[in-house]
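Colleague: Any chance you can model this:
(one chain, ligands or ions: 1)
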Amino acid sequence: MTHIFIEISYLLASLLFIYGLRCMTHPDSARRGMKMAELGMLIAIVGTLLHHEIISYQWIAAGIIIGSIIGGTMSYWVPMTALPQRAALSLAFGALAASLVGIAEHHSHHEHFDAFKMIVVGFEVLLGSLTTTGSLIAAGKLQDLLPGTPLTFKGQKMVNLSLLVVMLLLLVRLVLDPSQTWALALMVVLAWTFGVMLVLPIGSADMPVVMALLNSYAGLAASATGFAISNNVLIIAGTLDGFSGFILSVAMCKAMNRSMGNVLFGAFGSASQSSAAAEGGVMREVHIEDVAMQMAYARQVVFVPGYGMATAQAQHVVRELADVLEERGVTVKFAIHPVAGRMPGHMNVLLAEANVPYSQLYELEQINSDFPNTDVSVVIGANDVVNPDARDNPQSPIAGMPILEVDRSKNVVVLKRGKGKGFSGIENPLFFKPNTGMLYGDAKDSLSKLVHGVKDA
Ligand code: NAP
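Modeller: As a prediction, the model looks like this:
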């Protein structure tokens, strides 16, 4: 009877995960999707706790208490801008758990392992271990504890390939004789090393793509765990995680017009290259009063948020400015680039937090044709995603990346603190165009002043 209840709870949980993922394809339903997935996880946990194989609940209770304290503290303490490194840490913990389950399974039952069981446990331990160290390095780079630039050395790819081959040979050895514990131990150490070597040559700018990929490895490790311990919900959830992580990394590469190979092995960001178009140009500085006047009497204003809006935490004040402008009859739109910020959906999350209506959010394909009708485009801490070199200069490192074509607006105002470059480390000719004005200062501070300026205009 309990067995049937457990299986029903797993089926329900799996359906909720799939429905949750479906809802996350649109900002309108994304929150509901998260809630459904959380409910699914709760049901799966309750179902698992009913398992007759559980001998003692004390360790589980201790784990739940310690985990909840760490998770709860992190969710309060970690700022929104540090979410990517927080996600990397969670990934490392999840992957470590998967590899430990595999090691424990091997330790307790290897004498009953057939070839299939040894293969899934082997992959679980291998993927889990490399994802653990890879995610820790990613977190370290994103938190600036490690250099964000790609760390490379001669023959690196050869070393990585050799590590991979040796790990696979060890797995074959284990399949032939699962009692060779030394082979599993060596495989774990090599997989840890491989995880480090895999992520070190990747610049912190490409870290979100790498994390989506590591996420996919962690998902596949969890799925292998499901096979190893005959747990259906782990198989389904792990597979969903594995493939959605992979699809996400491919989607991010597409949005940056880069191949996966270029992201993983291209050492992007190791050299800063400047655009010929920008050399020798002059940036025109503008002031709050002029910009406020321009916006107050515009017919249409388009806000283009980027990473700087996230660091400045300016999402609430931009919403306030949008409201003030709308009260004056100005049409307000927000242009969202798929890779603006540092993680997928970064701008959507921030603007949703500030309750900006979804009807005001426009994707790249929807808004680009509207820029020529826009009186003022306000770029809030965005740089690469509005760089016209991606469109006009085939020599640019970001050539071909789809951009928000703000340079085609009647007027452009760029809010940034100084002459800082974007994620790709290259110059932006937009800042030197005659229709562009630079409003220097922290984005939140400048936007607050603009709210007052527009009210007084
Ligand atoms: P960006 O190119 O990194 O530029 C951010 C700009 O914000 C900088 O030029 C900086 O200039 C300014 N800034 C920083 N703090 C600020 C503050 N407090 N107030 C005002 N301005 C501030 O950002 P983006 O245009 O959003 O482009 C995202 C980049 O990340 C792209 O290259 C994309 O390919 C990459 N990327 C994104 C993802 C993703 O999932 N979203 C994944 C991988 C890679 P100052 O220093 O002068 O202020």
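
Colleague: shouldn't I403 be in contact with P388?
Modeller: Yes: with contact defined as Cβ atoms under 8 Å, I403 counts as touching P388 (6.8 Å). Where you see a C-beta, it was placed from the backbone N, CA and C, and this is true even at glycine.

Colleague: Please identify which of the two sits among more neighbours.
Modeller: I403 (23 against 19; other Cβ atoms under 10 Å).

Colleague: Return the distance of the nearest residue to that one once chain neighbours are set aside relative to the ligand.
Modeller: Leaving aside its sequence neighbours, I403 sits nearest to A390 (Cβ to Cβ, 6 or more residues apart in numbering; 4.8 Å). According to Cβ to the nearest ligand atom, to the nearest Å, A390 and the ligand sit 9 Å apart.

Colleague: And I103, by the same measure?
Modeller: 33 Å.

Colleague: Also V413?
Modeller: In this view, V413 and the ligand are 12 Å apart by Cβ to the nearest ligand atom.

Colleague: Please enumerate the shared neighbours of I403 and P388.
Modeller: Common neighbours of I403 and P388, using Cβ atoms under 8 Å, 6 or more residues apart in numbering, do not exist here.

Colleague: Now do the helix or strand containing T48, average pLDDT.
Modeller: Using DSSP states H and E, T48 sits in helix 27-49. Mean per-residue pLDDT for helix 27-49: 92.

Colleague: List the buried residues for stretch 438-453?
Modeller: Of the residues in stretch 438-453, 438-439, 442-444, 446-451, 453 count as buried by neighbour count, 16 or more other Cβ atoms under 10 Å.

Colleague: Give me the contact list for stretch 93-106.
Modeller: 113, 121-122, 124-125, 127-129, 131-132, 135, 178, 181, 184, 188, 214, 217-218, 221-222, 224-225, 228-229.

Colleague: Convert that stretch to PDB, retaining C-alpha atoms only.
Modeller: Taking Å, rounded to 0.1, in the frame of the first residue of the first chain, the C-alpha atoms of stretch 93-106 are listed here in PDB:
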ATOM      1  CA  PHE A  93      26.200  20.900  -3.400                       C
ATOM      2  CA  GLY A  94      23.600  19.000  -5.600                       C
ATOM      3  CA  ALA A  95      26.400  17.400  -7.700                       C
ATOM      4  CA  LEU A  96      28.300  16.500  -4.500                       C
ATOM      5  CA  ALA A  97      25.200  14.800  -3.100                       C
ATOM      6  CA  ALA A  98      24.700  12.800  -6.400                       C
ATOM      7  CA  SER A  99      28.300  11.600  -6.400                       C
ATOM      8  CA  LEU A 100      28.200  10.700  -2.700                       C
ATOM      9  CA  VAL A 101      25.000   8.600  -3.300                       C
ATOM     10  CA  GLY A 102      26.900   6.800  -6.100                       C
ATOM     11  CA  ILE A 103      29.900   6.200  -3.900                       C
ATOM     12  CA  ALA A 104      27.700   4.900  -1.000                       C
ATOM     13  CA  GLU A 105      25.800   2.700  -3.400                       C
ATOM     14  CA  HIS A 106      29.000   1.200  -4.700                       C
END
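
Colleague: tell me the average confidence for it?
Modeller: 92.

Colleague: same deal with stretch 335-351?
Modeller: On average, the pLDDT along stretch 335-351 is 88.

Colleague: so how far does it reach from one end to the other?
Modeller: 11 Å (Cα to Cα, to the nearest Å).

Colleague: Report whether that stretch contacts the ligand.
Modeller: Yes: Stretch 335-351 lies within reach of the ligand by Cβ under 6 Å from any ligand atom, at 339-344, 346.

Colleague: Nearest to the ligand: which residue in the stretch 101-250 of the chain?
Modeller: P208 (3.5 Å; Cβ to the nearest ligand atom).

Colleague: Enumerate every residue touching that residue.
Modeller: Here P208 is in contact with 84, 252, 342-344 (criterion: Cβ under 8 Å, 6+ apart).

Colleague: Now neighbour count and secondary structure too, for those residues, in TSV please.
Modeller: TSV is the format used below for these (neighbours: other Cβ atoms under 10 Å; DSSP: H, G, I helix; E, B strand; the rest coil):
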residue	neighbour count	secondary structure
P84	20	helix
M252	23	helix
R342	21	coil
M343	19	coil
P344	19	coil
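
Colleague: now the residue nearest the centre of the chain: how far from Q143?
Modeller: Centroid-nearest residue in the chain, with Cα atoms, centre = their mean: M343, separated by 3.3 Å. According to Cβ to Cβ, to the nearest Å, M343 stands 14 Å off from Q143.

Colleague: Can you name the residue of the stretch 1-150 of the chain nearest to the ligand?
Modeller: Distances between the stretch 1-150 of the chain and the ligand by Cβ to the nearest ligand atom are smallest at P84, namely 8.3 Å.

Colleague: contacting residues around that residue?
Modeller: 142, 207-208, 211, 342-343.

Colleague: will you turn the buried residues of stretch 438-453 into JSON lines that also has pLDDT and secondary structure?
Modeller: Formatted as JSON lines, the buried residues of stretch 438-453 follow (pLDDT from 0 to 100; DSSP: H, G, I helix; E, B strand; the rest coil):
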{"residue": "M438", "pLDDT": "97", "secondary structure": "strand"}
{"residue": "L439", "pLDDT": "97", "secondary structure": "strand"}
{"residue": "D442", "pLDDT": "97", "secondary structure": "coil"}
{"residue": "A443", "pLDDT": "97", "secondary structure": "helix"}
{"residue": "K444", "pLDDT": "97", "secondary structure": "helix"}
{"residue": "S446", "pLDDT": "97", "secondary structure": "helix"}
{"residue": "L447", "pLDDT": "97", "secondary structure": "helix"}
{"residue": "S448", "pLDDT": "97", "secondary structure": "helix"}
{"residue": "K449", "pLDDT": "97", "secondary structure": "helix"}
{"residue": "L450", "pLDDT": "97", "secondary structure": "helix"}
{"residue": "V451", "pLDDT": "97", "secondary structure": "helix"}
{"residue": "G453", "pLDDT": "96", "secondary structure": "helix"}
